[in-house]
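Trainee: Pasted the sequence and its predicted model underneath.
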Amino acid sequence: MKSICLVDKLIWNFPGNMNPHSFAFGDVDNDEDNEFVIGNLNGELSVFKGNPINGRPVMTVNGLGTITCVAVGDIKNSGKNSVVCVSAEGECNIFDILRNNYTSTTDEENVPTSTRRISEAKMPLIKPNLNDYSRLTLNVPVNCNHILIADIDGDGMNEIILARTDRILHVYYYEMPLPADGSMVNKPSSKDQQNLLTRSGNLITEIAVNRSSKDKSNVNEISPTLKEKKQWFFDDQITSLSTATDPQTSSPLLLVGQPGGHFMKIDKNENLTCPTQMSNDLQCPDELTEVSTEVAKGIKWKNGKSYDVIVLITMDGNFTFFDFQTSTMSRHELQVTHKLFGITAINFFCDESEILPKGQDDDVFVACTWNGNTYIIDRDFNVVKFEFEGRVCAFAAGQYAVVPGCNVPCFIYVDFEDHITVYHNLRVNTKPVQNFMEVMNDQVSQNYNVFTDIMKDYDIEKQNLSTDPCQYSPYITGIFQQCLYKLDDYNTVKENLEEKIKELKRVKHEQIEKAESEKEENENESEKTENEKTENEKAENEKVENETLNEELMSVDD
Amino acid sequence: MESQLFTECHYHRFSSGGRTNIYGLALFESSMESGLPVDSEFPSNVLKSFPQDISHKPRSQKKSKAIKHLFVSSFYGITCFVSAMGYWNTVELPLNQDIGEIVSMDVFSSDQSTLIFALSTTEDDGQHNFTLRIYSLDDASQMYIEEAIFRIAEQCQVIRIPFTPMQLFHTGININGESNTCLLLCGNDGGVHLYLRNKSTNKWEDESVRSYFPLLTSLSESSSNILSLDIREIGDLKIVAAGCQNGRLYVSIMKFDTSTGDFAPIDEPAFVVLFSPITSISVFSSSSSESYNVDKLALNRPVYLKECSQYDSVLCSNIMDVDWDGKNEILVGTYGRELLVYKQDVDDHNVLTFKLVWQRSFSHPIYQITNLDLNQDGIEELIVATQHGIHILQPNLEKAKTELLQVLKNLEGLKKELEELKEKSS
């Protein structure tokens, strides 16, 4: 397993304890740059954007109850994203960011030294100034701990899927009645928002909705509601939610993580199956039934087409790839000492350079343990480890715009010391450590002539090489080393050769001259023998020179 | 954007919170080979106890050549990176906990010993007791290096030292026409202490440095603390460079005298006063090959690598050819966690200049930089030691391939030309 060290990071401030799922990446202000939204158990919801000045969020709302899940998505099916924040008390707050008017600065003095680099473009700093939003409060069931915004029935409209700790899964859709006059109530109300007001001086609009159904008024008639579409009862705790595309019908699927390394698949016609149980010949059910399991979907590319790859991880380190096309699983094990969580698919391809074609790179999967060990896993189960220094309260991997105009992959760690650490500029190569012999393998036979000259037992070495690339020749690598690092030796060899060529040319020239004079002199007997002698000498010389050449080239091995 | 000169292929973090420092890295060149096959967990496999299966591997029949291995000390132990064919093995040498913290380390071999570890340590008792510990293993040339590493901890000579130890350094010297290896230890008493192994008692003993390195003696007398020392032999010259706490840099050039069979100073040592303590010295030669022409006037014409100053103190430097053009580059590592690579050039007046060509940040201060071919594939890896671990960086292998193919093509072309001429002429 390779291990790496991540360097470029931002540190943000965010207080309090949190549910490990109450965060989301998404474009909350509809400027195409992704922000990061996070909520804690004390009812504070914060939005981070870009490289915020002093690590402060651009927007914070207080008093939202015990926040358990947060999502960003187009729940209103209006083409614009909203922030959805659900509390354990059953309150669902929907925020629409109306305007983005943050000021950014590239002030030298504000850039901490650690992020200042000569070669890099300066990262503009974002000042907190994003307080212009509308808020809509709706009722949902209590004790929801997972949320997903997605179109799961294929009608082109997004649904809100909420999973509760009592094993019930609810599917809602947002309904906005035709607007009527006087429906919008401008009221700068609650205490928390007054706090915000005094801090920023911006006007806050709030759409209030009466929660009690008893309180039927005209406000209620025209206010938006969440309509329940479907409910499922599961036998086991719902440990995570994801979506995928059915490879046969191309219609959406909802995936529900279940303990013991399982997941349930719900298709658009609401049929519920458990694919992992159908083909669980690899399972040890007794051992695994109670182990919390997370499910995630990633993308792999094959012949220019993308396919979904489903990954299941159990918190004790079992890692399973599930292939929908073949309904087969491959299981691997990670040796972990702490609970594993937060599995996410991420693509390290970053479209910073426009020259490269939009990548058809396979997604890799990332998961983290409570003690900070982060595992980056590719489709071939090559694993790269990164050790975050600190205990992790929540781990998030996703696309975030550190610099405006470019969403890049980031790892976000929320610790127990009121900080969020964001690693960006992730250049992670999951491939195993390569050696130069592997890179040169295809070239060795093409350079046969050069190598055989240098090395007597070349053929044996080549044989070894073809059977096991690790058992390659010290002589071949010796030649590599010499050609790359001992250029003077190479130059000596080159000069020797050039001199020989020169010499041969001279001899040749002399021969021609001689031949001509011979013709003229009509074959002198004595000169002919002399000529033969020269040729013999020359051959002798060449032999010696070739030997010295070999010696020189071999000298590095000594 | 400049393409990446190096990419990190592995990071080894010291176990149990160990840290290294600017004197904690050594390259060891030996004919001893690795005796263990590639591990399935490579490169994160760590060997912590004597490998029982080591003797099962058949010994290679090949002519043994000198292989470089990497040793790094952290507070309480030594991590060894054993070079092997296509991979490397990481060995953590468990040292007795009561030796205290390791201040500096050197690893080398001598005529008598196949493997020598020299450590200067400070004890944890707050009394500032310092010791020099020398572990040596004789007649181990037939051993696999992993075995030798575990064997060596069995025997140790302890020398109490009355000063705070700093850099440990080994170098070849000549005693009555016989070549020998001595150990040099810089101390805060201003002196450089020389230790030699007594051939009859087999014990290392304190010897006078005067007869071997007059420069270092005179420095001791002027009580300048030597923070960094480099001694290098280039051809028939020996360059001794010492950088002091008070910012003085001394350079003495010694020449091999065939009549005495030893090096002797050719003139008075040169010195220059810089403004801050000298933390790192590397003897730079512009070409990566052995040809040489020592420029004695270099001290009068300093070239400032100005970008370094933006990243806190410079702690280490290294000279290597990063782009296979036969010219050496200068690598600089700073406390401000930045690695900078400078490429040499000459300006219009034919004066040597340096241009920053690449830089990379690390997560912790950089204490040491070196290079070696750790996986024996013909390509030199860059080793960067930061506070908590070792980063192993590989150069761009595709670039190396292009470069190498060009060289091979040239060679091939010349050969062909030669053969054609041969044919024509015969």
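Mentor: That came through, no problem.
Trainee: Only C-alpha atoms from now on, for both contacts and neighbour counts.
Mentor: Fine.
Trainee: So which residues of the stretch 151-300 of chain B form strands?
Mentor: Secondary structure of the stretch 151-300 of chain B, counting by DSSP state E, counting those that start in this stretch: strands at B:156-161, B:165-175, B:178-187, B:192-197, B:204-207, B:226-234, B:237-244, B:248-257, B:262-265, B:270-273.
Trainee: Chain A: which of those is closest?
Mentor: Judged by Cα to the nearest Cα, the one of these that comes nearest to chain A is strand B:226-234, at 15.5 Å.
Trainee: The closest one and chain A in contact?
Mentor: No. Strand B:226-234 is not in contact with chain A by Cα under 8 Å from any Cα of the partner chain; minimum separation 15.5 Å.
Trainee: quick one: which helix or strand includes B:Gly413?
Mentor: helix B:397-425 (DSSP states H and E).
Trainee: Which other helices and strands does that helix contact?
Mentor: Helix B:397-425 sits against helix A:436-444, helix A:448-454, helix A:474-485, helix A:487-521, with contacts defined as 3 or more Cα pairs under 8 Å, 6 or more residues apart in numbering or on different chains; DSSP states H and E.
Trainee: Of those helices, which is nearest chain B?
Mentor: Per Cα to the nearest Cα, nearest to chain B of these: helix A:474-485, 4.3 Å.
Trainee: what mean pLDDT does that closest one have?
Mentor: Helix A:474-485 carries an average pLDDT of 81.
Trainee: ok, back up a step: mean neighbour count and mean pLDDT for the strands of the stretch 151-300 of chain B - can I get that in CSV?
Mentor: Below are these laid out as CSV (neighbours: other Cα atoms under 10 Å in any protein chain shown; pLDDT from 0 to 100):
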stretch, mean neighbour count, mean pLDDT
strand B:156-161, 14, 92
strand B:165-175, 19, 91
strand B:178-187, 20, 91
strand B:192-197, 21, 92
strand B:204-207, 16, 91
strand B:226-234, 21, 89
strand B:237-244, 22, 90
strand B:248-257, 20, 88
strand B:262-265, 19, 86
strand B:270-273, 15, 87
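Trainee: Tell me which of these sits nearest to A:Val256.
Mentor: Ranking those by proximity to A:Val256 (Cα to Cα) places strand B:165-175 first, at 60.5 Å.
Trainee: Can you tell me which residues in the stretch 1-150 of chain B are near chain A?
Mentor: The stretch 1-150 of chain B comes close to chain A at residues B:1, B:8-12, B:41-45, B:65-66, B:85-87, as judged by Cα under 8 Å from any Cα.
Trainee: let's see 10 Å
Mentor: For the stretch 1-150 of chain B, the contact set with chain A under Cα under 10 Å from any Cα of the partner chain comprises B:1-2, B:7-13, B:37-38, B:40-45, B:62-66, B:84-87.
Trainee: Out of the residues you listed, list just those in strands.
Mentor: B:7-13, B:84, B:87 (DSSP state E).
Trainee: Would you mind checking those residues for buried ones?
Mentor: B:7-13, B:84, B:87 (16 or more other Cα atoms under 10 Å in any protein chain shown).
Trainee: Give me the distance from the helix or strand encompassing B:Ile319 to the chain's centre.
Mentor: In this assignment (DSSP H and E), B:Ile319 forms part of strand B:314-320. Mean-position distance between strand B:314-320 and its chain equals 11 Å (Cα atoms, centre = their mean, to the nearest Å).
Trainee: Check stretch B:129-142 too.
Mentor: On Cα atoms, centre = their mean, the centre of stretch B:129-142 falls 18 Å from the chain's centre.
Trainee: all strands of the stretch 1-150 of chain A, in order?
Mentor: Applying DSSP E, counting those that start in this stretch to the stretch 1-150 of chain A gives strands spanning A:2-4, A:9-13, A:23-26, A:35-39, A:45-48, A:51-52, A:59-61, A:67-73, A:82-87, A:91-97, A:104-105, A:125-126, A:133-139, A:144-150.
Trainee: Grab the CA positions of the fourth one and hand them over as PDB.
Mentor: The C-alpha trace of strand A:35-39 is given here as PDB (Å, rounded to 0.1, in the frame of the first residue of the first chain):
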ATOM      1  CA  GLU A  35     -19.700  25.600  -2.000                       C
ATOM      2  CA  PHE A  36     -19.600  23.500   1.200                       C
ATOM      3  CA  VAL A  37     -22.600  23.500   3.600                       C
ATOM      4  CA  ILE A  38     -22.400  22.100   7.000                       C
ATOM      5  CA  GLY A  39     -24.700  21.900  10.100                       C
END
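Trainee: Hmm, A:Lys265 is touching A:Val295, no?
Mentor: No. Assessed by Cα atoms under 10 Å, A:Lys265 is found out of contact with A:Val295, at 11.0 Å.
Trainee: out of those two, which sits in the busier spot?
Mentor: Per other Cα atoms under 10 Å in any protein chain shown, whichever of A:Lys265 and A:Val295 has more neighbours is A:Val295, with 27 against 21.
Trainee: which intervals of chain B have sub-threshold pLDDT?
Mentor: Low-confidence segments of chain B (pLDDT under 70): B:1-2, B:55-64, B:125-126, B:223, B:289-292, B:296, B:425-426.
Trainee: How about it: which residue is closest to chain A?
Mentor: For chain B, Cα to the nearest Cα, closest residue to chain A: B:Gly378, 4.3 Å.
Trainee: What helix or strand is that residue located in?
Mentor: Following DSSP H and E, there is no helix or strand that holds B:Gly378.
Trainee: And A:Gly260, by the same measure?
Mentor: Using DSSP H and E, no helix or strand contains A:Gly260.
Trainee: Next one: B:Val294 from B:Ile231, what distance?
Mentor: Distance of B:Val294 to B:Ile231, computed by Cα to Cα, to the nearest Å: 14 Å.
Trainee: what about residue 38, how many neighbours?
Mentor: Using chain A. Neighbour tally, A:Ile38, other Cα under 10 Å: 27.
Trainee: that answer is for a different chain, and I need it for chain B
Mentor: 16.
Trainee: Quick check: bridge partners of the closest residue to it other than its chain neighbours?
Mentor: Nearest non-adjacent residue to B:Val38, counting by Cα to Cα, 6 or more residues apart in numbering or on different chains: B:Tyr87, 6.5 Å away. Beta-bridge partners for B:Tyr87, by DSSP bridges, are B:Ala84.
Trainee: got the contact list for B:Tyr87?
Mentor: B:Tyr87 sits next to A:433-435, A:470, B:37-39, B:42-43, B:374-377 when contact means Cα atoms under 10 Å, 6 or more residues apart in numbering or on different chains.
Trainee: distance of it from B:Ala148?
Mentor: B:Tyr87 is 19 Å from B:Ala148, by Cα to Cα.
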